[in-house]
Every structure is written in structure tokens, then in C-alpha cells.
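*Asks:* Have a look at this prediction, sequence included:
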Amino acid sequence: MSVKIRLARVGSHKKPYYRVVAASCEKSATKKFIEILGTYNPHLNPADFKINKDKFDKWISLGAQPSDTVKSLIKKNNKAAAAN
């Protein structure tokens, strides 16, 4: 079973809010996931992205592959943290 770290959409119509989850590749984005790793709210200025680094590193070490969107959010978050 291969695992992806991706965004799962929650929230109401036209007000998306995302969870960063570890999920099986065979399941669709709306099906059950293995673990919640963080959240992403694009409606705030600047966008709010929170992730549990310990859980994220654990899944990466187990062979999980982050999606392109999650990779870019992690990269932006690391640049913002380095600037502060």
C-alpha cells in the first residue's frame, strides 16, 4: 500500500478549508485517510498553513510521497519561517 500526503477539502460551499492528510493512493480524496497532519486555510491573508512536523517527518521516513501542492506549501512555509 503506497501512501500520499495530500490535501483533503473540508468546509462549506465557496469557503474551502483543507486538511493535510496521509492517505492511501487507492482511496479518493473524500474517503477515509490514515492520519491528519495539519491544516491549510487559503482565505486568510496571508494564508494559514500549519503542519505537525514530527508526524510529517514520520510519514516521509516510512516512504509516503507528498503531492506537488503539499511540497510547495512546505517550501513556502520554510522560507517564511527562515525570514522571521
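*Replies:* In hand now; what should we look at?
*Asks:* Name the helix or strand for the spatially most central residue of the chain, please.
*Replies:* With distances taken as C-alpha atoms, centre = their mean, the residue of the chain nearest its centroid is Val20 (2.6 Å). Taking DSSP states H and E as the definition, Val20 sits inside strand 15-24.
*Asks:* Poorly predicted segments of this protein, please.
*Replies:* Where the chain drops to pLDDT under 70, the residues are 1, 27-31, 81-84.
*Asks:* just the helices in it please.
*Replies:* Along the chain, the stretches classed as helices by DSSP state H are 53-61, 68-83.
*Asks:* Switch the ones you listed over to CSV; also include mean neighbour count and distance to Ala8.
*Replies:* Heads up, the C-betas are built off the backbone N, CA and C, glycines and all. Shown next, in CSV, are the helices of the chain (neighbours: other C-beta atoms under 10 Å; distance: least, C-beta to C-beta, whole Å):
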stretch, mean neighbour count, distance to Ala8
helix 53-61, 13, 14
helix 68-83, 12, 11
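*Asks:* which stretch among those helices comes nearest Lys14?
*Replies:* helix 68-83 (19.3 Å; C-beta to C-beta).
*Asks:* residues making contact with the closest one?
*Replies:* By C-beta atoms under 8 Å, 6 or more residues apart in numbering, the residues outside helix 68-83 that reach it are Ile5, Arg6, Leu7, Val20, Tyr40, Pro46, Phe49, Ile51, Phe56, Pro66.
*Asks:* Only the buried subset of those, as a ChimeraX command please.
*Replies:* Provided next is the ChimeraX selection string for whichever of those are buried by 16 or more other C-beta atoms under 10 Å:
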select :5,6,7,20,40,49,51,56,66
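*Asks:* Now intersect the contacts of helix 68-83 with the strands, please.
*Replies:* Ile5, Arg6, Leu7, Val20, Tyr40, Phe49, Ile51, Pro66 (DSSP state E).
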